[in-house]
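Colleague: Quick one, structure for this:
(6 chains)
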Protein chains: 6
Amino acid sequence: MYFYKEDLINMIVPDKPDPGAAKVLQETLGGQFGEMRTMMQYSFQSANFRGNKKQYRDLIRGVFLEEISHVELVQTTINQLLNESGEDAVGNGGTNGAPLEVATMSANPHHYIMAAQSSLPVDAGGNPWTGSWVYSHGNLAADLLNDVILESTGVLQKSRIYEMSSNKTFRETLAFLMVRDNAHQNAFAKALETLGVSWGKLFPIPNYDLNKYPECRKYVDLGFHNAQFNFRLDDTMIGQVFQGVTPSRNGGDLSVTPPPNGYAVPDLPEMPNEHSPGLSDLNS
Amino acid sequence: MYFYKEDLINMIVPDKPDPGAAKVLQETLGGQFGEMRTMMQYSFQSANFRGNKKQYRDLIRGVFLEEISHVELVQTTINQLLNESGEDAVGNGGTNGAPLEVATMSANPHHYIMAAQSSLPVDAGGNPWTGSWVYSHGNLAADLLNDVILESTGVLQKSRIYEMSSNKTFRETLAFLMVRDNAHQNAFAKALETLGVSWGKLFPIPNYDLNKYPECRKYVDLGFHNAQFNFRLDDTMIGQVFQGVTPSRNGGDLSVTPPPNGYAVPDLPEMPNEHSPGLSDLNS
Amino acid sequence: MYFYKEDLINMIVPDKPDPGAAKVLQETLGGQFGEMRTMMQYSFQSANFRGNKKQYRDLIRGVFLEEISHVELVQTTINQLLNESGEDAVGNGGTNGAPLEVATMSANPHHYIMAAQSSLPVDAGGNPWTGSWVYSHGNLAADLLNDVILESTGVLQKSRIYEMSSNKTFRETLAFLMVRDNAHQNAFAKALETLGVSWGKLFPIPNYDLNKYPECRKYVDLGFHNAQFNFRLDDTMIGQVFQGVTPSRNGGDLSVTPPPNGYAVPDLPEMPNEHSPGLSDLNS
Amino acid sequence: MYFYKEDLINMIVPDKPDPGAAKVLQETLGGQFGEMRTMMQYSFQSANFRGNKKQYRDLIRGVFLEEISHVELVQTTINQLLNESGEDAVGNGGTNGAPLEVATMSANPHHYIMAAQSSLPVDAGGNPWTGSWVYSHGNLAADLLNDVILESTGVLQKSRIYEMSSNKTFRETLAFLMVRDNAHQNAFAKALETLGVSWGKLFPIPNYDLNKYPECRKYVDLGFHNAQFNFRLDDTMIGQVFQGVTPSRNGGDLSVTPPPNGYAVPDLPEMPNEHSPGLSDLNS
Amino acid sequence: MYFYKEDLINMIVPDKPDPGAAKVLQETLGGQFGEMRTMMQYSFQSANFRGNKKQYRDLIRGVFLEEISHVELVQTTINQLLNESGEDAVGNGGTNGAPLEVATMSANPHHYIMAAQSSLPVDAGGNPWTGSWVYSHGNLAADLLNDVILESTGVLQKSRIYEMSSNKTFRETLAFLMVRDNAHQNAFAKALETLGVSWGKLFPIPNYDLNKYPECRKYVDLGFHNAQFNFRLDDTMIGQVFQGVTPSRNGGDLSVTPPPNGYAVPDLPEMPNEHSPGLSDLNS
Amino acid sequence: MYFYKEDLINMIVPDKPDPGAAKVLQETLGGQFGEMRTMMQYSFQSANFRGNKKQYRDLIRGVFLEEISHVELVQTTINQLLNESGEDAVGNGGTNGAPLEVATMSANPHHYIMAAQSSLPVDAGGNPWTGSWVYSHGNLAADLLNDVILESTGVLQKSRIYEMSSNKTFRETLAFLMVRDNAHQNAFAKALETLGVSWGKLFPIPNYDLNKYPECRKYVDLGFHNAQFNFRLDDTMIGQVFQGVTPSRNGGDLSVTPPPNGYAVPDLPEMPNEHSPGLSDLNS
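Modeller: Model (predicted):
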């Protein structure tokens, strides 16, 4: 069973609305290599786990638990980027004075038609998330290899999306997730090390220096790239795998740690243009 | 943030393998009105909630938390129905002696090709779950009405699926979920009552008597149809809405309660025909 | 604007339930070359028609109007094939006594989970109808060629589906539609003749003799293969195109005629196992 | 059977081309809560209706008939918005002088590649319409609740899309449909009242005042929000349900009335850049 | 079996990056009437060919072989249009200095998130290619008619896409393919002539004069519109069909000829912003 | 450019029709890890290759070339399994004497409705192939890791599908492809070795002994698991990577060799029940 405390796993840094940034950040939420995919893939892999090497199941489930919080973090970041973005539309080239004109331009129109300026389970192109992306074949070596490539592609995409806007809300969340994807890449790469693989200098993929991203540095200093947060209320064997020298050429030792202190969820204001929540007078 | 204790929210009752039952039960996991839909819909509605009437957000989030456990319960039930179902295939009409022949017949072939005899994020027809099913429009009245119809359709479908096999593993999980869907139907119907609606005798939908399902009776006796389990580790305002007389004609008072004691997750045996997990000799 | 009289365009011949026949007949309703496709394709082609050669627009719209009735006829036929098919399931090989067990076997499970033993907007494989099949490119020669191939494929598929069951309900509807698809093939082929094409002996596609299908003969005797029913309440220029010698090697002259006398829509009984309609006691 | 008179159900008000408005208006045609969905959903619900309470079937079918006209109205409105929009592209920011450059910018490129500057069966994001959206579960209470939420969401989305452009062609059609969606919301809400529900002040959803939309006022003055147009050429029992006090807090009495006088369908000019219809010299 | 020589079937003419042109040119690669569709459709039709009239199978396979080269040509053209397009983004209206900002505007964001500024198996709207578009029904007349309409629609779309940008890289590839689609239209139209059809002046569709496209003229002068390139290393009966007077009103005789001399594949530079290929230091 | 010689890359062993085997073998053709995916993935990765380490591009393209032949081999195998399978249907449980009744049972109905008893671009569940499965991210390490997992999953699935029927046609093709997937797994694993990875005993995935499959042994004896067939008519640098000790624990040295001698393509008989090819009398 799953329990909750209303805390975000990382902070939301305020900046201006940026509907184009919100559009591309959807890839990180509902895209083929986004957080909904990692969440559901690890949910299926851990529930469907066969055999008695349960330290691997606990590893996969441990990452799964964090991904639920990542989904919430990206939802909240997209919401922050879209908040009051309609009113700004005119300034972005609008000429006819319609308050939601931005939706006819380069924004994702469903952010305004469906979601009342908040997040959707779709990718950067507006394609809905699909279960066919989940890989859970029950062969441990194959599942772990797929998990490594899923995390590697996730961080590769984020390093590209990061270059698409200088918005601070956008970049802070991407930077935090890039560091965490690194840790998860390490987790699955390490699991394959226990099966006999030696990775050389292959990781991290992509071949970057996290410290060159100014927002990443503080998370690296906290050791978040080599830590696995533990969200279990009972015992776990995750530490049997996630330990020892990191498989990354950045060095350091892997360790299981408590989650970070949580951050407050920003309040979302009412949006009368969108009739959201549209409650006034209803329950008076 | 989300925390976990390795407990199933309900028991798994053992019975024979039943791949046809597993195929149709997928609707309850990955179908348009299944548990993945409810989980993700309430995730988006609660994260995207606008305005200060946060008792409604807490209600939606509270149901979301339980749905994560429902996903796990249905995954585990499907796994139990599929376990060792390949070997039984010959007896189901197979004539050529191939151990996985059942996959060429009325089973879902992907249960054997992809999932190594375990669950998949697809519906009863094998169509993958899609994010386009998630409804989160940010208008509270519209969202709640959609939630009511989602829960009503979920239980309507389960009452039909229940008639498709007499397998005990299958029926026990369906019966538990029918009672819980009833509670969630009550939750959203009650929320609409606070906005002024009076439902008459409309609920429950469908118009059935839960007590006629022998497996349901014990859950009704425990009051599970009028209870909302609380999975919060911090405070919640859910009780401001989920209280008082039930909107169902079955009567009783709504109350927020602790979750049930958990049940052990059954071990899944190795499946050599499927090379799952396929670890032998690898890490020796 | 569109007007309606509650008459089916052809009779429903009673026979036993046949869920397998219902499954494959879905291709004719919701498949890529089924009646929903023809209905929507001609709707878009006629609404989007450019230029002043409106006799072609009237031809396309004229066929569109009939297709709405074809959709209703196939829906009704599938309903007849599914009616009380659940109870028969045990006799079809069921062993565990569950009343809807047929849904776990070779039937389309959504016929029982979603549709309460009635029709769905999906094809024979259970894939939902999609708008991407609609061809409306605005170039008249290309649109008409696509319409010819759409009708030809429709009748080719129906001639194959006809061989999948000897059920009389099933075959009567298929036979009627094969004759009408022939007429529509003639309509679009004739329109291309007015643009200069000479078809030789190419049509009908497939290269069959309608009179060899016993159910077809009476419709051929009525001249339905060379007639276009007129559903317009105002004037139409369709007769400027649909006239003269048929482009089919079967010979005869094309003519616009009134629609057939309608047939009664069969009543669908209540289905308590499916809680359909599930009204008892609700509005008492 | 279905009959037709070449009349639009409402007027097309001329204004400048607006390809961005055409893009978002596609949601109202081919989107999850657009007119194709309502048309097909009510087609299936009425054809699949079980039991003898046929006044409800007649109500659902009555709305279905109007939706066919709505599809035609939105197709025609999109065509008007796209007409000659290519030539205007350069003025919208184009720099290289290519006549259809607008298709590389914020327009839906398929409006120019496929549809020759006319409508498509897709939503505002370019996703094709899919049959999986159709809800027809055969349980009357569930079907009616889904119909209420479908109409409510339709009008909620239209009220948002309305804010995306001040184009008069665009807003007039949206305003007319908002009033009609209100009537249909009333129809299904009233049907649920006959099953015992009392809605309080919940409707209309969204919680707006139609009279604040200048284009809506004349339709409200005509009573279109409380009228159901009757497109039947034979008898109907729709008036047994659609009568008495409206369930909307706007007040008034429901009544079945003849359809409005029709409006002429605008001619669509030839589009030589798109080879549409491309007939010149072909049949000379 | 299939053999390869690293030669492009036509030249790549250099010009500036043009991400909007790359976006719409995707229709020609991964769209419903693009080169992936023609390649796979003719692959299935030739592999599934029934009966002994193998001259038709050889004709279909002959076109299939050329389509593999067309896929490569369009991939390479899109790559050329995207190369270094990120850095130009700021000049296209970007204001925040992010190097890949163009991805948040009217470009296809997946060109930058997934493909590292190269081609994707998707259409101009970003929808992925799907196998449901492949038509291979095994009836030769129906298959050939579908092939004619596929080629006609392909060239119709290309003639529209051509008008979307004046970029030389873009237009040269489109012009070459328009001439070749003409030849393939002739091939399938001729095959239908051998079955008795006489086309009059219907072809080419669309009804254009290739010589009015300056880039096309040289290919017409080389006779490419009436030639079928032969990629077989063994004998073929294609010449039994592809011979004699063209079915196009442009006149000339059809003949099977050797393929053109190949053209060099341009080198794609490294793209450090995208970590592509990201090899530095890895294998040192 | 691509050239062709009409030779299959392996033999087709005759056996009885087996429509259930044909249905599941579709996974190997049109499934997420089937031959169409490998063909298109390597097509995109080689065309989109960046940078000057062209030995890797040549490796990827070399495997691409073989995959085109694999597509043809699986198409042909499915055709052989379906040939005359309709007439056998009655014996498979049919009771009503309809010649294509098998299509209403556990077969893929589209094999009979669309494909005239031949192959389709769909998977074992009937879902069409989609371009969203193609992975081509331009980062060489990520692309190669994905290629390894693609080949590993392909062979894992084939080892499971092999257990679904003892049909000889079916098993011979699967066995040949399992050995070749092994070689391709080795190719990409070796490429990663040149980037510094050391695989230990991880490969082959799954952890099986090819020699235990009787059909595989002869291919292993020929060394096909350590060979890369060369389909280039010009020079290639593939041998710079595909050389030296295999990364598989089965041992041996990798070497580039000529392709096998080809095998004749079986003739497909006419299928009058399906009007395929349906030519008789047409061109007389």
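
Colleague: the helices in the stretch 151-284 of chain A, which residues?
Modeller: Here the stretch 151-284 of chain A has its helices, by DSSP state H, counting those that start in this stretch, at A:168-194, A:214-221.

Colleague: Out of these, which is closest to chain C?
Modeller: Proximity to chain C (C-beta to the nearest C-beta) singles out helix A:168-194 among these, at 32.9 Å. C-beta coordinates here come from the backbone N, C-alpha and C atoms, glycine included.

Colleague: is that closest one up against chain B anywhere?
Modeller: Yes. Applying C-beta under 8 Å from any C-beta of the partner chain, one finds helix A:168-194 touching chain B at residue A:194.

Colleague: Show me which positions of that helix end up buried.
Modeller: For helix A:168-194, the neighbour count (16 or more other C-beta atoms under 10 Å in any protein chain shown) marks A:169-194 as buried.

Colleague: Which elements pack onto it?
Modeller: Packing partners of helix A:168-194 (3 or more C-beta pairs under 8 Å, 6 or more residues apart in numbering or on different chains; DSSP states H and E): helix A:19-30, helix A:54-82, helix A:140-161, helix A:214-221, strand A:227-229, strand A:253-257.

Colleague: mind checking how far residue A:144 is from residue A:60?
Modeller: Residue A:144 sits 8 Å away from residue A:60, going by C-beta to C-beta, to the nearest Å.

Colleague: shared neighbours, those two?
Modeller: With contacts defined as C-beta atoms under 8 Å, 6 or more residues apart in numbering or on different chains, no residue is shared by residue A:144 and residue A:60.

Colleague: that older thread, pipe the helices and strands packed on helix A:168-194 into CSV and attach distance to chain C per row.
Modeller: Shown next, in CSV, are those (distance: least, C-beta to the nearest C-beta, whole Å):
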stretch, distance to chain C
helix A:19-30, 20
helix A:54-82, 27
helix A:140-161, 26
helix A:214-221, 41
strand A:227-229, 40
strand A:253-257, 43
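
Colleague: Quick check: which of the ones you listed is nearest to residue F:273?
Modeller: Of all those, helix A:140-161 sits nearest to residue F:273, with 42.1 Å by C-beta to C-beta.

Colleague: Show me what that closest one packs onto, helices and strands only.
Modeller: Judged by 3+ C-beta pairs under 8 Å, 6+ apart, helix A:140-161 is in contact with helix A:19-30, helix A:35-47, helix A:54-82, helix A:168-194, helix E:110-113, helix F:140-161.

Colleague: Please see if the shortest one touches chain A.
Modeller: Yes. Counting by C-beta under 8 Å from any C-beta, chain A has neighbours in helix E:110-113: E:110, E:112, E:113.

Colleague: between the residues you listed, which is nearest chain C?
Modeller: residue E:110 (18.6 Å).

Colleague: so how far is residue A:160 from the closest one?
Modeller: Residue E:110 is 11 Å from residue A:160, by C-beta to C-beta.

Colleague: so residue A:34 touches residue A:154, yeah?
Modeller: Yes. Between residue A:34 and residue A:154 there is a contact under C-beta atoms under 8 Å: 7.1 Å.

Colleague: joint contacts of these two?
Modeller: Common neighbours of residue A:34 and residue A:154 are listed as residue A:28 (criterion: C-beta under 8 Å, 6+ apart).

Colleague: More neighbours: those two, which one.
Modeller: Remark: of residue A:34 and residue A:154, residue A:34 carries more neighbours, 30 against 27, as counted by other C-beta atoms under 10 Å in any protein chain shown.

Colleague: where does chain A dip in pLDDT?
Modeller: Chain A contains residues with pLDDT under 70 at A:87-96, A:281-284.

Colleague: let's see it at 90
Modeller: Low-confidence segments of chain A (pLDDT under 90): A:84, A:86-97, A:106, A:211, A:273, A:279-284.

Colleague: Give me the buried stretch members for stretch A:149-163, please.
Modeller: For stretch A:149-163, the neighbour count (16+ other C-beta under 10 Å) marks A:149-163 as buried.

Colleague: gap between residue A:214 and chain B?
Modeller: Taking C-beta to the nearest C-beta, to the nearest Å as the measure, residue A:214 falls 26 Å from chain B.
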